[in-house]
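Participant: Structural data only, the sequence is not supplied:
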C-alpha cells in the first residue's frame, strides 16, 4: 500500500539513514521503503529551491529556536532579520551540498 509522506517526513528519513550507518538499500529494507522511491525523492527534494518549512520552537518570551537537522539556531529579542536570513541561507547551502 502506498503511503503519502510529507517533505518533512522524507527529510527526516534521509537524516535517519545517514545517522544509521546503513547503506540506502539496507535502510530501505529495514523501513519497508522502495529504494528507487527513496533515491527519486532525495533527488527531487534536493532540486527544490525557495521556501521550506523549518521546525520553530518558542523558547521563552520573544525567543525562538529554529532546528535544521542537528543544527539549532536561537533567536532572541531585538535580532536583526536580515542577519537571520543570511545565517539561514548559509545553513541551507551547507545542507544542500551534503545531499
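Facilitator: Yep, that arrived. Predicted model only: the values in this text are computed from it and were never measured.
Participant: Where does the record place the domain boundaries for this protein?
Facilitator: Residue ranges for the domains of the chain, per automatic domain parsing: 7-47, 56-98.
Participant: Pick the most deeply packed of those domains.
Facilitator: For these, the largest average neighbour count (mean count of other C-beta atoms under 10 Å) is found in domain 7-47, namely a mean of 14. C-beta: built from backbone N, CA, C; applies to glycine.
Participant: Please report the separation between the first and final residues of that one.
Facilitator: 13 Å (C-alpha to C-alpha, to the nearest Å).
Participant: circling back to that earlier point, would you single out the least confident of the domains of the chain?
Facilitator: The minimum mean pLDDT among the domains of the chain belongs to domain 56-98 (a mean of 76).
Participant: roughly how far out does it sit from the chain middle?
Facilitator: 13 Å (C-alpha atoms, centre = their mean, to the nearest Å).
Participant: swap in stretch 21-34?
Facilitator: 19 Å.
Participant: How about residues contacting it?
Facilitator: Residues outside stretch 21-34 that contact it (C-beta atoms under 8 Å, 6 or more residues apart in numbering): 13, 16-17, 20, 35, 38-39.
Participant: Tell me which residues touch the residue nearest the centre of the chain, please.
Facilitator: The structure's the chain has its C-alpha centroid closest to residue 11; by C-alpha atoms, centre = their mean the separation is 4.8 Å. Going by C-beta under 8 Å, 6+ apart, residue 11 touches residue 45.
Participant: give me the element it is part of.
Facilitator: helix 7-20 (DSSP states H and E).
Participant: Tell me the helix or strand right after that helix.
Facilitator: helix 24-31.
Participant: Next, the angle from that following helix to helix 7-20.
Facilitator: 110 degrees (axes from the mean of the first three to the mean of the last three C-alpha atoms, to 10 degrees).
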